[in-house]
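**Q** Sequence below, structure please.
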Amino acid sequence: MALGRLFHYAFDAVLLSTVVAGVRRSSGFTPDTSAIPDENARAVAERFLGFGESVFNFVQGTAINSSYFKRDTGSR
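**A** Alright, predicted model coming up:
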């Protein structure tokens with residue numbers, strides 16, 4: 001039971017970090033980690049956000065090379 005809960009929380013953290021990376025890519029807004037006063041907490045936050053960037057890059061690369069996705073060239 002505890003192991004399942006741990007995996008669930010880890011997956012949620014990865015998902016949240018990836019969404020924040022997507023928001024950063026599409027809008028340019030990102031959390032201000034320099035506002036975190038504790039150096040250790042800031043380092044954890046930066047690693048957390050960096051991991052989301054890595055996951056986002058992987059998903060984007062997979063989508064680009066997949067035949068199941070195509071670029072939408074229509075106007076918005």
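**Q** contacting residues around the closest residue to Ser17 other than its chain neighbours?
**A** Excluding its sequence neighbours, the residue lying closest to Ser17 (Cβ to Cβ, 6 or more residues apart in numbering) is Gly52, at 2.9 Å. From N, CA and C alone the C-beta is placed, and that goes for glycine too. Taking Cβ atoms under 8 Å, 6 or more residues apart in numbering, we find Gly52 in contact with 14, 16-21.
**Q** 10 Å instead?
**A** 13-24 (Cβ atoms under 10 Å, 6 or more residues apart in numbering).
**Q** Enumerate the positions of stretch 57-64 that are buried.
**A** Using 16 or more other Cβ atoms under 10 Å as the test for burial, stretch 57-64 gives no buried residues.
**Q** average model confidence for that stretch?
**A** Stretch 57-64 shows a mean pLDDT of 93.
**Q** List the contacts of that stretch.
**A** Contacts to stretch 57-64, defined as Cβ under 10 Å, 6+ apart, come from residues 18, 21-22, 25, 68-71.
**Q** how near is Gln60 to Asp72?
**A** 14 Å (Cβ to Cβ, to the nearest Å).
**Q** One more: Val14?
**A** 26 Å.
**Q** Counting neighbours, go ahead and name the busier of the two.
**A** A count of neighbours by other Cβ atoms under 10 Å puts Val14 above the other of Val14 and Asp72, at 15 against 7.
**Q** if I pick the more buried one, what's in contact with it?
**A** So Val14 contacts 48, 51-52, 54-55 (Cβ under 10 Å, 6+ apart).
**Q** Can you flag the buried ones in those?
**A** The buried subset of those - by 16+ other Cβ under 10 Å - is 48, 52, 55.
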